[in-house]
Every structure is written in structure tokens, then in C-alpha cells.
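[1] Please find the sequence and the predicted model below.
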Amino acid sequence: MSGKGGHGMVKGIIVILVLVCLVGGYYYYLTNKKQEKAVEENVKATAVQEVLMRNLDTNYPPSPREVVKYFGEISQCLIKETYTDEEFEKLALQAQKLYDKELVANKTQQQYLDDLKWDVNAFKEDGIVISSYTPASSVDVEEFTKDGYKCARLTCSFTLRKGGYLEANEQIFVLRKDEEGHWKIYGWQPVSNNGGQNS
């Protein structure tokens, strides 16, 4: 009888060990599943969401070149990516934070949003996207003083794609440093154009 009891005890211990292994294995499976899901969610962040993650109040671009580079990133998202109406407005407001206060004052907020939407729709209807953008190197940024303001001028080359065709579009950007020491876009124009400020 004691032999049978010992055998039953061993069997019971084996069953418990198997259950512990199963529970441990299931816990490991769930933990890994959660981690994989978190990684997948991070990977699924769209280009638009990544652009909007930047907090310009605490992480404003430190140089004229970086301001224009971030402006190019926003412009590419507006013309190339798919987004909701809410994301469109957020992108528009993010771009506006890069503008000089005089440039912002040229239009009401609604005019600004309506005009930007019209411009973006015109690009999309023509099937044109910004394939890439390249601001001039830091050494090619021209700094000068005008009307008591520190200003900077640089070119940015946008590569526009329509179907299989590519076209280079160079713009000259003028930036002005504000009271907080941030470089703000004062205007831009095509390299071939000797006209004035654009918005």
C-alpha cells in the first residue's frame, strides 16, 4: 500500500509540474504577444503622425536649415500622404508655427486653412507628389541684417513626381529671427522669380 501511495504521489507531482510548465509557457506566450503588439503599433505610426509628434514649444528647429527641412517634411506629408481632416488641420497649424508673425498676419486663420487646402488639392488632383526635398547645406546659408532683424536666406530643392516623371523645383527661403531667438519663415519664392514674399 505504501508503494501505491508513493506512486500516486509521484504521479501527482508530475501532473503539478506539467501544469506549472503550461501556465509558465502561456504567461511567456502572452508577454511576448503584448511586446510584439507594442512593436507593431510603433511600426504602424504613419509619416503624418511622426511629423505631428514634434513639440515645437520644447523642440523648435535650431537653425534656418533645420526649419526649412522640417517645413519640407510637413509639405511632403500634406501632398503625398493620406490623413484625416483633423490631421490636415494639425499639419497646417504645425507649419504655421514656423512662420514669421508678419506672414501669419497676412490672412485670417480660416483663409489660411482654405487656401492651403486648395493648394494641396490642386497638387493631388494633378497627381503630383513631393518625392524628396533637400535644403542647402549649412555653409550655403546666407545670414544678414535687415530693419534691425537677423535674417537668413537659403535655397531648398524639391523633387516633384508625376507618374514616372521627376522635376526639380528650387525655392529661395528667407527667414527672420524672432524675439525668442527662433528662426521663422518670412517668405519664399522660386529661384527663377525675382518677385516678393509668398505665403
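    All right, it came through fine.
[2] Check the gap between the residue most central in space within the chain and residue 77 for me.
    For the chain, residue 51 is the residue whose C-alpha lies nearest the centre (C-alpha atoms, centre = their mean; 1.6 Å). Residue 51 sits at a distance of 5 Å from residue 77 (criterion: C-beta to C-beta, to the nearest Å). Quick note: C-beta positions are derived from backbone N, CA and C, even for glycine.
[3] what residues do the two have in common as contacts?
    When contacts are counted by C-beta atoms under 8 Å, 6 or more residues apart in numbering, residue 51 and residue 77 have residue 91 as shared neighbours.
[4] all strands for the protein, in order.
    Chain-ordered strands for the chain, with DSSP state E as the definition, fall at 128-135, 142-146, 149-162, 165-177, 183-190.
[5] Who are the packing partners of the third one?
    Put plainly, it is strand 149-162. Based on contacts counted as 3 or more C-beta pairs under 8 Å, 6 or more residues apart in numbering; DSSP states H and E, the elements that strand 149-162 packs against are helix 64-80, strand 128-135, strand 142-146, strand 165-177.
[6] what's the angle from it to strand 183-190?
    Angle of strand 149-162 versus strand 183-190, following axes from the mean of the first three to the mean of the last three C-alpha atoms, to 10 degrees, is 50 degrees.
[7] Contacts only, for the spatially closest residue to residue 145 that is not a sequence neighbour.
    On the basis of C-beta to C-beta, 6 or more residues apart in numbering, the spatially nearest residue to residue 145 that is not a chain neighbour turns out to be residue 151, at 6.7 Å. Under the criterion of C-beta under 8 Å, 6+ apart, the contact list for residue 151 reads 143, 144, 145, 174, 175, 176, 177, 186.
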